[in-house]
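> Okay, structure incoming, though there's no sequence with it:
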Ligand SMILES: C[S@@+](CC[C@H](N)C(=O)[O-])C[C@H]1O[C@@H](n2cnc3c(N)ncnc32)[C@H](O)[C@@H]1O
């Protein structure tokens with residue numbers, strides 16, 4: 001460990017201040033470009049001890065749990081950065097990722113996230129001898145920081161933190177840490193527990209009794225199995241009600257979901273037959289079905305079942321077919337894709353490389369690529385442009401406020 005004074009040169013992709021020393025980059029969390037700071041240095045990591053020059057872009061964080069202290073929550077990494085440079089940083093993550101693959105398409109302004117929009121958060125939970133810890137892990141550690149507030153989570157979640165705690169306490173029958181994903185749905189909170197030790201019958205009954213005394217809980221599931229469901233947890237995909245499968249994926253904010261869906265629908269235009277790949281429970285497919293026939297493909301059986309049920313119950317949709325399929329191992333082939341006028345794909349962070357290789361050979365006229373990882377998106381788009389597709393537009397979208405994650409929608413045509 002050594003002490004030195006450095007001036008931060010730029011913000012890295014993980015939100016850390018970076019200074020390039022003679023022996024490589026030094027990463028300084030919570031320091032901003034232009035700031036001169038004294039750091040305790042440990043290898044290529046610096047901890048700020050004092051600041052002599054403060055950036056004009058530095059602002060007071062909104063949340064009491066944010067910061068470099070040992071008891072601070074690691075959920076957010078950029079609350080100390082003013083709005084304009086924060087938005088520029090997020091957009092630049094997409095610009096840089098595409099540029100690293102030689103792509104320089106038209107990239108729009110960032111769709112900005114606002115506080116209290118996140119309708120889905122995953123808490124870390126652990127019972128200690130003294131208390132129940134429910135919150136987020138401290139940065140780069142397994143220590144759980146219990147939270148009393150959260151400026152990113154929706155009011156529907158934050159206002160029910162006490163309820164969530166009571167329920168988490170009933171589920172925490174051992175000292176083992178576990179995770180609780182809370183989704184605010186139209187009919188109440190959906191709570192999905194993962195990593196819990198199996199509960200005895202008496203413990204399960206105690207949780208059910210607890211839920212029945214509490215208000216605002218739609219469902220509690222453990223490892224995908226429903227324990228109690230006073231209400232079916234409903235989401236609305238463009239006017240089509242969908243029962244969210246236990247622990248199933250949904251976009252983190254309603255605002256980002258609607259913006260992404262609007263971009264995708266506008267791009268599809270008059271397409272008559274559309275394939276929605278990595279379709280989840282139908283975020284895009286059910287909206288597209290208002291104007292075109294849709295074939296939705298997804299590997300999660302519960303998600304595809306939820307989509308299918310929702311499509312069957314809905315009025316006024318064009319035909320929707322569903323297929324459970326692992327698109328990494330068995331992508332839709334170029335031959336299978338030829339019947340579609342347009343394809344939407346929205347894969348997990350790993351991207352859709354194998355599927356995109358088939359798409360590149362398919363000749364499908366319009367493609368909308370939705371992604372939460374600019375690096376894999378860039379790789380996949382490069383495969384498509386090499387096959388003659390043109391990127392008409394890329395829209396960077398923030399739905400993970402004050403984190404270094406950014407979503408993007410890329411619209412392509414041939
Ligand atoms: C980012 S989510 C998008 C879901 C949906 N488009 C939405 O907006 O709600 C990615 C989806 O891909 C699915 N998935 C993950 N791996 C897959 C695979 N190998 N084949 C097919 N689907 C997969 C996940 O279950 C998840 O529903």
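Sure thing, it's come through. On a predicted model such as this, the values are computed, not experimentally measured, just so you know.
> Wait, residue 182 touches residue 157, no?
Yes: Residue 182 lies in contact with residue 157 (Cβ atoms under 8 Å); the separation is 5.6 Å. Placement of C-beta: from N, CA and C, glycine included.
> Which residues are in contact with each of the two?
Common neighbours of residue 182 and residue 157, counting by Cβ atoms under 8 Å, 6 or more residues apart in numbering, are 121, 164, 189.
> Let me know the closest of the residues you listed to residue 217.
Closest to residue 217 out of the shared contacts of residue 182 and residue 157 is residue 189 (5.4 Å), distances taken as Cβ to Cβ.
> mind listing what the closest one touches?
Counting by Cβ under 8 Å, 6+ apart, residue 189 touches 156-157, 160, 163-164, 182-183, 216-218, 233.
> what ranges do the strands span in the stretch 51-200 of the chain?
Using DSSP state E, counting those that start in this stretch, the strands assigned to the stretch 51-200 of the chain run over residues 120-127, 132-137, 144-146, 178-185, 188-194.
> just the stretch 251-400 of the chain next, same as before
So, for the stretch 251-400 of the chain - with DSSP E, counting those that start in this stretch - the strands run 273-277, 293-298, 320-324, 342-345, 366-371, 390-397.
> Save those as a markdown table, and put in mean pLDDT too.
Formatted as a markdown table, the strands of the stretch 251-400 of the chain follow (pLDDT from 0 to 100):
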| stretch | mean pLDDT |
| --- | --- |
| strand 273-277 | 98 |
| strand 293-298 | 98 |
| strand 320-324 | 98 |
| strand 342-345 | 98 |
| strand 366-371 | 98 |
| strand 390-397 | 98 |
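> Nearest to the ligand, out of the ones you listed?
Comparing those against the ligand with Cβ to the nearest ligand atom, the closest turns out to be strand 293-298 (4.9 Å).
> Need the residues that contact the closest one.
So strand 293-298 is contacted by 272-280, 282, 285, 288, 304, 307, 318-325, 327, 332, 340 (Cβ under 8 Å, 6+ apart).
> Pull the distance from it to the chain's centre.
Relative to its chain's centre, strand 293-298 lies at 22 Å (Cα atoms, centre = their mean, to the nearest Å).
> do that strand and the ligand meet?
Yes: for strand 293-298 and the ligand, the contact criterion (Cβ under 6 Å from any ligand atom) is met by residue 298.
> Could you list the contact residues of the stretch 101-250 of the chain toward the ligand?
249-250.
> still on that earlier bit, quick one: the contacts of residue 189 as TSV, columns for neighbour count and pLDDT too.
Below are those laid out as TSV (neighbours: other Cβ atoms under 10 Å; pLDDT from 0 to 100):
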residue	neighbour count	pLDDT
156	17	96
157	22	97
160	21	96
163	19	95
164	22	96
182	24	98
183	27	98
216	15	93
217	26	96
218	23	97
233	27	98
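> per-residue pLDDT, the residue in the stretch 201-350 of the chain positioned nearest to the ligand?
Of all residues in the stretch 201-350 of the chain, residue 280 sits closest to the ligand, at 2.8 Å by Cβ to the nearest ligand atom. Confidence at residue 280, expressed as pLDDT, is 98.
> how far is the longest helix belonging to the chain from where the chain is centred?
As assigned by DSSP state H, the longest helix anywhere in the chain is helix 83-99. In this view, helix 83-99 has its centroid 17 Å away from the chain centroid, taken as Cα atoms, centre = their mean.
> what's the answer for stretch 90-107, then?
20 Å.
> can you check stretch 74-81 too?
Distance, centroid of stretch 74-81 to centroid of chain: 16 Å (Cα atoms, centre = their mean).
> before we move on, what about stretch 267-286?
With Cα atoms, centre = their mean, you get 20 Å for stretch 267-286.
> Also stretch 10-23?
25 Å.
> And the average pLDDT for it is what?
Stretch 10-23 comes out at a mean pLDDT of 92.
> Name the surrounding residues that touch it.
Residues contacting stretch 10-23 (Cβ under 8 Å, 6+ apart): 6-9, 25-33, 35, 37, 46, 77-78, 81, 89, 93, 96, 403-404.
> ok, so what distance separates residue 69 from the ligand?
According to Cβ to the nearest ligand atom, to the nearest Å, residue 69 and the ligand sit 33 Å apart.
> picking that back up, now, which of the contacts of residue 189 lie within helices?
156-157, 163-164.
> Closest to residue 408 out of those?
residue 157 (25.7 Å).
> Hmm, residue 181 and that closest one touching each other?
No: counting by Cβ under 8 Å, no contact exists between residue 157 and residue 181, whose distance comes to 10.9 Å.
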